[in-house]
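Peer 1: Requesting a structural model of the entry that follows:
(one chain, ligands or ions: 1)
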Amino acid sequence: MMNLLTVSDLEVFYGKVQALQPTAINVDMGKIVTVIGPNGAGKSTMLNAIAGALPATGSQTGNVLFSGQNLVGVAIEKRVAVGMSLVPEKRELFASMKVEDNLLLGSYRRYQAGEKEYADQMRVVYDLFPRLKERRQQQAGTLSGGERQMLALGRALMAKPRLLMLDEPSLGLAPLIVKEIFQIIQRLKQTGVAILLVEQNARAALQVADYGYVLETGAVVLEGAASDLAEDQRVVDTYLGLTKK
Ligand code: ATP
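Peer 2: Predicted coordinates:
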């Protein structure tokens, strides 16, 4: 198994307040790894620290090894260049721009580097999201919530990442759309990209993931194969119990 991301001793502070206790996370190539946990557990904080996207008020220590390269202190653009791509919780699209132009911005760095195959990648993205293709001339700001999430995912994929980091892709979406987004995440795995998926929807996340971590008040309290976590009594009681079907 080839390791892609190895995070160790990662700690984050906002001022004097510690939001993340020393944390270790691993993602192997081509695998889906999920981090589940309640509101405020530190999931976004962890993802942003790995992606180099913490706000200026945040500070981090520890190691983020990606393909053997330590990325601590490395700027976010550089992380994108080596194959990391983050879809933040707020999705951050350019509302007044067309769908297709939002996608093109996702490949901007590759375009700048003189790589010409962004058109091929656009085809890959349109195959995954036919709805985006239909709406390629539409202003991003007029898309539905689900379509916006698809566009955010599609734009991240335009950079041809090796690791896609998703912050609560199901947030604010209706159950049917959530189902569709998770089907897409499953399909993405077949393209070979590894996925680090932060979710409050533990049931859906554990269904698509290979491995999972449970984060509570800034610390990993449990980890294991996703199928084992889905059966773990503590996980069932706290995260799955009430909605178990
Ligand atoms: P949610 O699912 O609600 O997004 P989360 O697990 O992603 O929660 P974080 O957003 O990482 O949790 O927040 C972890 C803790 O850090 C919380 O107590 C939060 O209030 C705090 N925090 C997050 N961002 C900041 C910030 N920019 N400045 C100060 N404190 C912050």
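Peer 1: what about the residue nearest the centre of the chain, helix or strand, and which?
Peer 2: Central residue of the chain (CA atoms, centre = their mean): Leu166, 1.6 Å from the mean position. Per DSSP states H and E, Leu166 falls inside strand 163-167.
Peer 1: give me every residue that touches the residue nearest to the centre of the chain.
Peer 2: Val87, Leu153, Ile185, Ile195, Leu196, Leu197, Val198 (CB atoms under 8 Å, 6 or more residues apart in numbering). (C-beta placed from N, C-alpha, C; glycine too.)
Peer 1: Would you mind measuring from the second one to Ala53?
Peer 2: Read that as Leu153. 17 Å (CB to CB, to the nearest Å).
Peer 1: what's across from the residue nearest to the centre of the chain in the sheet?
Peer 2: Beta-bridge partners of Leu166, counted by DSSP bridges, are Val87, Leu197.
Peer 1: where exactly do the strands run in this protein?
Peer 2: 3-14, 17-28, 32-36, 58-66, 69-70, 84-87, 163-167, 194-199, 211-216, 219-225 (DSSP state E).
Peer 1: hey, C-alpha coordinates of stretch 36-54 in PDB?
Peer 2: Backbone C-alpha positions of stretch 36-54 (Å, rounded to 0.1, in the frame of the first residue of the first chain) are rendered in PDB as follows:
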ATOM      1  CA  ILE A  36     -16.300  12.200  11.400                       C
ATOM      2  CA  GLY A  37     -17.300  14.100  14.600                       C
ATOM      3  CA  PRO A  38     -19.800  16.600  16.000                       C
ATOM      4  CA  ASN A  39     -20.000  20.400  15.400                       C
ATOM      5  CA  GLY A  40     -16.900  22.200  16.600                       C
ATOM      6  CA  ALA A  41     -14.800  19.000  17.000                       C
ATOM      7  CA  GLY A  42     -12.000  20.600  14.900                       C
ATOM      8  CA  LYS A  43     -12.600  18.800  11.600                       C
ATOM      9  CA  SER A  44     -12.400  21.900   9.400                       C
ATOM     10  CA  THR A  45      -9.500  23.100  11.400                       C
ATOM     11  CA  MET A  46      -7.600  19.900  10.700                       C
ATOM     12  CA  LEU A  47      -8.400  19.900   7.000                       C
ATOM     13  CA  ASN A  48      -7.400  23.600   6.600                       C
ATOM     14  CA  ALA A  49      -4.200  23.000   8.500                       C
ATOM     15  CA  ILE A  50      -3.300  20.100   6.100                       C
ATOM     16  CA  ALA A  51      -4.200  22.200   3.100                       C
ATOM     17  CA  GLY A  52      -2.300  25.300   4.300                       C
ATOM     18  CA  ALA A  53      -5.500  27.200   4.500                       C
ATOM     19  CA  LEU A  54      -5.800  28.200   8.100                       C
END
